[in-house]
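*Asks:* Only the shape, not the letters, is given here:
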Ligand SMILES: [Zn+2]
Ligand SMILES: [Zn+2]
């Protein structure tokens, strides 16, 4: 079966077809696929370049015919343009994105570009590999910031990706502070924050941060990120902002006076995704706190409004048919040094 977006807010479950495998593509059996806010936005408002029908999904764990596990880098690129040949394949001039330009992982079978397959180490619990794409995007953003041990970094936005950004910054030796204006979201992140010893606040009077990252589309949060920078500070412009909003020139002038640097960050490279799997392998207990639910694919339409509203952490579709049984997702090995409290495997199977 596959889940097809047939129009705005229209989803159909259809029998999977078995299209011929073109050269350069590999047929995979999808086991898990995360629901991204991008998927929910596509469902709700479409996109200029999106042509229906389309199978969404780009946060995949899948297996080939030999049972080898892969996640899939969600790009299909030309390999020849100036960006592809200079290590910036995420900016390819003819970028095609899985789940958007071609069918993605909300399906039992997936045809993926063979060049985009990234092997998943055995140490990673299967559904955790769905974090490879968001963690890889964060890795791309933080690579530009080049954080040094002891540097203070402020992260705006306490959703799944903001918390991942704080975690990755911490693994690089920096001291992250998460700013999330919604107290309910901070409360919900309690287990993750406890396990990682990361602080999240609704606001801060502190300033002079060495670096900042915006992990939410709110232009006010972006503006605050600029004002919180020290002289010579670096800002990762990670989340695109809501369209047609105004940013004051006085604010942009702060970048000038402070000799601050602004780094755009868009998507990820295959290298970022490989690095992400390494991070996931080392931080599974913490990341498990960011798994809101693992649900059967039939529940997608019920989940999309919540994902769109940013209500809750990562929801993962289970194509193994095992959801509800413990064997579907054993708790990951306890390798997190700072883990406080144990992972509650039952929480994964809540049917919401
Ligand atoms: Zn995503
Ligand atoms: Zn290219």
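*Replies:* Received it, and whenever you're ready, just let me know what you need. Since the structure is predicted, the reported quantities are computational estimates derived from the model, not experimental observations. Numbering: from 1, shown residues only. Ligands and ions are numbered 1, 2, ... in the order given.

*Asks:* Look up the pLDDT of residue 185 for me, please.
*Replies:* Residue 185 carries a pLDDT value of 96.

*Asks:* Which of the helices or strands spans it?
*Replies:* Using DSSP states H and E, residue 185 falls within helix 183-188.

*Asks:* From the contact counts, what lies against that helix?
*Replies:* In terms of contact count using 3 or more Cβ pairs under 8 Å, 6 or more residues apart in numbering; DSSP states H and E, helix 183-188 is assigned no packing partners among helices or strands. Bear in mind the C-beta positions are built from the backbone N, C-alpha and C, glycine included.

*Asks:* Return the set of buried residues in that helix.
*Replies:* 185-186, 188 (16 or more other Cβ atoms under 10 Å).

*Asks:* just stretch 143-151 next, same as before
*Replies:* Applying a neighbour-count criterion of 16+ other Cβ under 10 Å, the buried positions in stretch 143-151 are 143-145, 147, 151.

*Asks:* Can you narrow those residues down to the ones near ligand 1?
*Replies:* By Cβ under 5 Å from the ion, no member of these lies near ligand 1.

*Asks:* what about residue 88, how many residues close to it?
*Replies:* Here the count is done by other Cβ atoms under 10 Å, and residue 88 has 15 residues near it.

*Asks:* Residue 29 too?
*Replies:* Each residue near residue 29 was counted by other Cβ under 10 Å, and the total is 15.

*Asks:* Please identify the helix or strand for it.
*Replies:* Counting by DSSP H and E, residue 29 is part of strand 25-35.

*Asks:* about what we covered before: buried residues of the next helix or strand after the helix holding residue 185, list them for me.
*Replies:* Reading on from helix 183-188 to the C-terminus, the next helix or strand found by DSSP H and E is helix 190-196. Along helix 190-196, the positions that meet the burial threshold by neighbour count (16+ other Cβ under 10 Å) are 191-193, 195-196.

*Asks:* Check which helices and strands helix 190-196 is in contact with.
*Replies:* With contacts defined as 3+ Cβ pairs under 8 Å, 6+ apart, the packing partners of helix 190-196 are helix 160-171, helix 284-288.

*Asks:* and the stretch 101-250 of the chain, which residues reach ligand 1?
*Replies:* Along the stretch 101-250 of the chain, the residues adjacent to ligand 1 under the rule Cβ under 5 Å from the ion are residue 133.

*Asks:* Just want the residue of the stretch 101-250 of the chain that's nearest ligand 2.
*Replies:* Nearest to ligand 2, among the residues of the stretch 101-250 of the chain, is residue 115, at 12.2 Å (Cβ to the ion).

*Asks:* how close does that residue sit to residue 230?
*Replies:* Between residue 115 and residue 230 the distance, using Cβ to Cβ, to the nearest Å, works out to 41 Å.

*Asks:* that older thread, chain center to the helix holding residue 185: distance?
*Replies:* In terms of Cα atoms, centre = their mean, to the nearest Å, the gap separating the centre of helix 183-188 from the centre of its chain is 20 Å.

*Asks:* got the contact list for that helix?
*Replies:* 158-159, 180, 193, 200-202, 312-313 (Cβ atoms under 8 Å, 6 or more residues apart in numbering).

*Asks:* Thought residue 75 was touching residue 84, still the case?
*Replies:* No. Proximity of residue 84 to residue 75 does not meet the contact threshold set by Cβ atoms under 8 Å, at 9.9 Å.

*Asks:* so what sits against both of these two?
*Replies:* Between them, residue 84 and residue 75 share the neighbouring residues residue 92, with contact defined by Cβ under 8 Å, 6+ apart.

*Asks:* so where do the helices sit in the stretch 151-300 of the chain?
*Replies:* 160-171, 183-188, 190-196, 219-227, 249-257, 270-282, 284-288, 300-308 (DSSP state H, counting those that start in this stretch).
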